[in-house]
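# A predicted structure for the sequence below; I have some questions about it.
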Amino acid sequence: MAADSEPESEVFEITDFTTASEWERFISKVEEVLNDWKLIGNSLGKPLEKGIFTSGTWEEKSDEISFADFKFSVTHHYLVQESSDKEGKDEVPEDVIPQSMQDLLCMNNDFPPRAHCLVRWYGLREFVVIAPAANNDAVLSESKCNLLLSSVSIALGNTGCQVPLFVQIHHKWRRMYVGECQGPGVRTDFEMVHLRKVPNQYTHLSGLLDIFKSKIGCPLTPLPPVNIAIRFTYVLQDWQQYFWPQQPPDIDALVGGEVGGLEFGKLPFGACEDPISELHLATTWPHLTEGIIVDNDVYSDLDPMQAPHWSVRVRKADNPQCLLGDFITEFFKICRRKESTDEILGRSTFEEEGREIADITHALSKLTEPAPVPIHKLSVSNMVHTAKKKIRKHRGVEESPLNNDVLNTILLFLFPDAASEKPLDGTSSTDSNNPPLDSEEYSLYNQFKSAPSDSLTYKLALCLCMINFYHGGLKGVAHLWQEFVLEMRFRWENNFLIPGLASGPPDLRCCLLHQKLQMLNCCIERKKTRDEGRKTSPSDNVTNTYSGDAGKSGDQLGPDNLRETDKDKGEVGKSWDSWSDSEEEFFECLSDTEELKGNGQESGKKGGPKEMASLKPEGRLHQHGKLTLLHNGEPLYIPVTQEPAPMTEDLLEEQSEVLAKLGTSAEGAHLRARMQSACLLSDMESFKAANPGCFLEDFVRWYSPRDYIEEEVVDEKGNMVLKGELSARMKIPSNMWVEAWETAKPIPARRQRRLFDDTREAEKVLHYLAVQKPADLARHLLPCVIHAAVLKVKEEESIENISSVKKIIKQIISHSSKVLHFPNPEDKKLEEIIHQITNVEAIIARARSLKAKFGTEKCEQEEEKEDLERFVSCLLDQPEVLVVGAGRGHAGRIIHKLFVNAQRLTESSDEAATMTPAEEELKRMGPPEEKRQNLAADFPPPAGRELILRTAVPRPAPYSRALPQRMYSVLTKEDFRLAGAFSSDTSFF
């Protein structure tokens with residue numbers, strides 16, 4: 001028994017009824033949130049200005065509370081307003097009704113075009129909503145709704161909060177709210193009815209007035225007048241009478257040079273479908289009183305043409321298909337492909353023709369007999385012959401991704417010099433490529449790191465973009481790129497300069513592909529100059545070649561390039577050890593070379609400038625003003641020097657990595673300095689050859705004048721003379737300049753090793769181009785495509801002159817310049833840029849659609865045209881635009897005509913369709929009854945009927961305070977809603 005009693009003692013418990021229940025905890029949490037947000041007490045704001053609900057700033061705060069394990073979100077919505085003075089708050093009478101109750105009767109902001117649904121239904125500037133936290137949760141049972149409503153009522157009473165508090169019930173899509181607002185001795189109940197099918201007696205004003213009066217239950221016999229605001233919304237969907245002005249591209253017309261108005265090098269623009277789907281006309285009667293108008297199931301005075309206020313909004317098509325956006329998007333998709341060019345086109349198309357030759361004697365004859373290819377003129381057929389031949393070996397002609405006509409058109413566009421009988425030297429077409437530094441075009445390609453808009457790279461990007469969209473897709477892109485690479489090799493082997501590229505070293509402000517093409521052009525230029533020099537003067541070819549190069553160097557080394565010379569000098573160390581077979585062509589004569597080397601070595605060993613002075617001067621360019629050598633008084637000559645090696649940004653990165661890997665040790669620093677001073681050594685050798693008997697001081701006076709300091713001193717005889725000496729940094733022991741001067745031999749530039757091995761660099765560039773996959777190519781050229789798209793958008797915007805678009809374009813440029821300057825921008829950021837460009841294109845297309853529909857170009861009077869254009873631009877920027885003059889204004893008449901034409905089409909009446917303007921006018925001037933019938937037929941039945949009924953009556957007793965009562969009704973095709981706010985005096989009830 002004792003053992004059995006022990007468990008009973010454990011089970012025994014005392015129920016403590018003072019412990020808070022879940023319901024009480026929930027109420028306390030609601031009160032805590034209201035206190036935290038400082039929503040306690042009455043705070044009267046300024047009267048609401050007209051349109052403030054749309055133009056003002058709405059903000060919200062959120063918190064989360066729970067009732068047992070069911071979570072609710074509490075959200076405070078409020079209109080941001082300037083806070084009133086504190087003194088004014090202290091003077092608020094105790095019995096004044098809450099601000100929200102006063103707002104119920106405010107008529108300045110009926111039917112706001114863009115606001116929270118509770119703002120539209122009740123005209124509130126501030127309210128709190130308690131709703132289920134999860135989207136799929138809902139409060140469905142009536143008992144739960146009543147429990148929440150009683151919780152709200154208790155919380156408001158305990159805290160003294162005068163802000164309306166709503167609870168969302170039923171499923172969220174129904175937007176059903178019930179709520180309460182409490183003040184000193186007053187209470188407003190917010191109730192709602194939502195039906196799918198409307199009862200017939202509530203489709204008109206008289207039936208709704210009956211509901212409102214019965215709900216108020218006013219004990220006064222003559223009921224105070226009810227203020228009425230009515231809005232009917234008419235929807236125009238049929239635009240058939242106005243063709244969409246954007247013509248679809250004509251693909252078949254491409255070879256003729258035009259694709260629906262689109263040429264190679266020009267991007268398409270515009271929406272393929274009408275970007276404006278609907279026009280909503282809202283006719284409003286803002287201030288009516290009961291008894292002025294009649295609106296029942298038999299007769300209605302509410303004629304839209306007689307409405308005092310008209311406002312219009314347009315519904316935009318969701319994501320209309322836009323040509324420019326599609327072009328860029330499809331091109332961007334190539335960036336994600338993995339295939340190489342060979343995998344796309346089949347077997348390798350870069351096979352050498354020599355593989356077809358089985359006889360070994362042919363190969364030997366190729367080795368022993370030079371066989372230059374004499375091509376007298378460039379032509380499209382020559383350009384594509386080799387590649388076409390290789391493609392035909394593996395595939396049929398009909399399988400080629402691009403047909404000959406299209407390919408020839410593109411190649412002629414890219415290489416216009418191929419059409420002329422005599423090949424251009426390339427200089428005349430490239431001098432004007434760089435735009436002025438202060439021009440907008442310069443800043444754009446500089447910001448985007450793309451290429452100038454008249455460059456070959458830019459044109460290639462547009463052609464690849466068009467081929468990807470219209471001709472063959474990825475295969476077409478691979479085919480054109482293969483032809484382009486073959487053309488680059490053809491031009492390198494035959495000394496034809498590449499058109500559409502600025503002369504000089506690679507421009508590091510452009511994309512890497514553009515830099516590579518510029519590098520190849522530099523190689524072609526060097527090779528061409530050397531070959532022409534050898535042909536014109538076999539006995540003195542090297543001197544002529546280098547004098548020509550030096551003459552050009554003065555033109556090419558502008559301020560921008562001089563800044564890069566220090567970087568360029570470092571590349572030399574690599575080229576010393578990388579001689580190609582063509583290097584033998586660089587020396588004039590082997591015996592002369594050996595003789596000069598011998599002289600240089602002997603003089604270097606003896607170290608005396610007297611022995612060097614006996615050498616014959618070589619490689620002089622011209623005399624350096626009046627400067628003379630310090631020791632023998634001979635004129636100082638500027639030598640012919642080698643140009644520094646041009647470099648692309650990837651080569652500069654490689655070089656910087658090599659130099660960084662040398663470390664910070666003394667040996668590494670010394671080796672790094674030697675690598676960077678190769679160009680300096682070459683210039684010293686050229687200077688020694690041009691000025692026998694010179695010293696380091698002479699070289700410094702020419703090469704770095706700041707490092708030679710001159711000052712006036714008094715000599716032994718007392719005369720003032722100029723005495724010069726090297727700067728302090730030149731006197732540092734083991735100075736690199738001193739070491740280089742001691743090792744430098746008097747060798748003219750024409751006998752030195754080339755600082756820039758054009759053969760090796762050209763082959764590196766051609767290999768780089770050949771191994772590029774279409775995805776790599778698309779990534780290289782995407783900045784050019786975005787650059788072109790921005791220019792196209794700016795060009796189209798300048799025609800329409802839309803201020804909002806100008807701001808968006810500036811944002812796109814700013815965003816793109818940040819994203820595209822990184823080597824490998826993220827796909828997500830690139831997609832954002834493309835999406836922004838597409839949005840701008842859609843806005844411009846909408847503007848053109850509206851202008852076509854409202855006929856802005858057809859207006860004869862300038863004033864009316866300006867008004868219409870202003871009206872159209874407002875439709876794009878604002879959610880709702882007021883029609884000046886309502887149905888009698890110029891815009892109103894056009895809108896009326898649009899509805900009339902649409903009605904005629906829907907009626908499909910032959911008489912209505914064929915009626916002439918004269919007959920129409922006669923019909924309109926007929927008797928009033930007939931005129932009324934015609935006007936009624938001009939508009940379809942309203943798609944939405946909204947009514948607001950307001951009054952202030954005492955409730956619940958005749959001696960109660962007169963308090964605001966309001967009911968909002970909306971009737972559409974899908975549903976019917978009544979939202980009522982009914983106030984009562986609670987002082988004695």
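Here it is on my side, so go on.

# before we move on, what SS does residue 155 have?
For residue 155, the secondary-structure state derived from DSSP: H, G, I helix; E, B strand; the rest coil is helix.

# and the pLDDT at it?
Model confidence at residue 155, given as pLDDT, is 93.

# same check on residue 16?
62.

# next one: residue 978
pLDDT, residue 978: 95.

# kindly report the same for the one 10 residues further on.
Confidence per residue is given as pLDDT, and for residue 988 that number is 79.

# so what's it up against?
residue 957 (CB atoms under 8 Å, 6 or more residues apart in numbering). In short, each C-beta sits where N, CA and C put it, glycine included.

# I'd like to know how far it sits from residue 98.
Distance, residue 988 to residue 98, using CB to CB, to the nearest Å: 19 Å.

# please apply the same query to residue 79.
Distance, residue 79 to residue 98, using CB to CB: 15 Å.

# neighbour count winner among the two?
Neighbour totals were compared for residue 79 and residue 98, and residue 98 leads with 23 against 17 (other CB atoms under 10 Å).

# where does pLDDT dip in the stretch 351-500 of the chain?
351-399, 420-442 (pLDDT under 70).

# and with 80 instead?
The model of the stretch 351-500 of the chain has pLDDT under 80 over residues 351-403, 418-443, 445, 472.

# in it, which spans are strands?
Counting by DSSP state E, counting those that start in this stretch, the stretch 351-500 of the chain has no strands at all.

# ok now the longest strand along the chain, how far from the chain's centre?
Longest strand in the chain, counting residues (DSSP state E): strand 276-289. Centroid separation for strand 276-289 versus its chain: 36 Å, with CA atoms, centre = their mean, to the nearest Å.

# take it, keep the C-alpha atoms, and write them as PDB.
This file holds the C-alpha atoms of strand 276-289, laid out as PDB (Å, rounded to 0.1, in the frame of the first residue of the first chain):
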ATOM      1  CA  ILE A 276       0.700  49.000 -74.200                       C
ATOM      2  CA  SER A 277      -1.900  46.400 -73.500                       C
ATOM      3  CA  GLU A 278      -4.800  48.400 -72.000                       C
ATOM      4  CA  LEU A 279      -6.000  51.900 -71.400                       C
ATOM      5  CA  HIS A 280      -8.100  52.600 -68.300                       C
ATOM      6  CA  LEU A 281     -10.300  55.600 -68.200                       C
ATOM      7  CA  ALA A 282     -11.600  56.700 -64.800                       C
ATOM      8  CA  THR A 283     -14.500  59.100 -64.900                       C
ATOM      9  CA  THR A 284     -15.100  60.600 -61.400                       C
ATOM     10  CA  TRP A 285     -17.900  62.600 -59.800                       C
ATOM     11  CA  PRO A 286     -16.000  63.700 -56.600                       C
ATOM     12  CA  HIS A 287     -18.700  65.800 -54.700                       C
ATOM     13  CA  LEU A 288     -22.300  64.700 -55.000                       C
ATOM     14  CA  THR A 289     -25.100  64.700 -52.500                       C
END
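
# I'd like the next helix or strand past it.
Using DSSP states H and E, the helix or strand that follows strand 276-289 in sequence is strand 309-316.

# was I right about residue 67 contacting residue 27?
No: with contact defined as CB atoms under 8 Å, residue 67 does not count as touching residue 27 (9.6 Å).

# now do the SS call for residue 791.
helix.

# what residues sit buried inside whichever strand or helix holds residue 947?
Element membership for residue 947 (DSSP H and E) is strand 944-954. For strand 944-954, the neighbour count (16 or more other CB atoms under 10 Å) marks 945, 946, 947, 948, 949, 950, 951, 952, 953, 954 as buried.

# before we move on, what about stretch 625-645?
In stretch 625-645, counting by 16+ other CB under 10 Å, buried: 629, 636, 637, 638, 639, 640, 641, 642, 643, 644, 645.

# who's in contact with the second one?
Translated: residue 636. Counted by CB under 8 Å, 6+ apart, residue 636 has contacts 623, 624, 627, 628, 629, 691, 694, 698, 701, 702.

# mind jotting down where the strands sit in the stretch 51-200 of the chain?
For the stretch 51-200 of the chain, applying DSSP E, counting those that start in this stretch gives strands covering 58-67, 70-79, 126-132, 165-169, 176-183, 186-195.

# so residue 213 versus residue 448, what's the distance?
68 Å.

# looking at these two, which one has more neighbours?
Taking other CB under 10 Å, residue 213 and residue 448 do not tie; residue 448 has more neighbours (24 against 17).

# now stretch 183-196 - C-alpha only, CSV.
Extracted in CSV, the C-alpha atoms of stretch 183-196 (Å, rounded to 0.1, in the frame of the first residue of the first chain):
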residue,chain,number,x,y,z
GLY,A,183,-10.7,57.1,-28.7
PRO,A,184,-11.9,59.0,-25.6
GLY,A,185,-15.6,57.9,-25.5
VAL,A,186,-15.7,56.9,-29.1
ARG,A,187,-15.1,53.7,-31.1
THR,A,188,-15.1,52.9,-34.9
ASP,A,189,-15.7,49.4,-36.1
PHE,A,190,-14.2,48.5,-39.5
GLU,A,191,-16.3,45.8,-41.2
MET,A,192,-16.1,44.2,-44.6
VAL,A,193,-18.2,42.1,-47.0
HIS,A,194,-16.7,40.2,-50.0
LEU,A,195,-18.9,38.4,-52.5
ARG,A,196,-18.2,36.7,-55.8
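
# what comes up buried for that stretch?
Those would be 183, 186, 187, 188, 190, 192, for stretch 183-196 by 16+ other CB under 10 Å.

# who touches that stretch?
42, 94-98, 100-101, 104, 122, 162, 164, 166, 170, 174-182, 961, 963-964, 974-987.

# so for the host helix or strand of residue 660, mean pLDDT?
For residue 660, the enclosing helix or strand under DSSP H and E is helix 649-661. Across helix 649-661, pLDDT averages out at 76.

# that helix - contacts with which helices or strands?
Packed against helix 649-661 by the contact rule (3 or more CB pairs under 8 Å, 6 or more residues apart in numbering; DSSP states H and E) you find helix 512-536, helix 666-676.

# for the first one, what is the distance to the chain centroid?
Distance of helix 512-536 from its chain centroid, counting by CA atoms, centre = their mean, is 37 Å.

# for the stretch 751-900 of the chain, which segments are assigned as strands?
Under the criterion DSSP E, counting those that start in this stretch, strands of the stretch 751-900 of the chain are mapped to 881-883.

# low-confidence stretches in it?
For the stretch 751-900 of the chain, applying pLDDT under 80 flags the ranges 751-756, 821-823, 856-861.

# how close does the nearest residue to residue 871 once chain neighbours are set aside sit to residue 847?
Take residue 871 and drop its neighbours on the chain: the residue closest to it by CB to CB, 6 or more residues apart in numbering is residue 891, 5.1 Å away. According to CB to CB, residue 891 and residue 847 sit 16 Å apart.

# and for residue 636?
69 Å.
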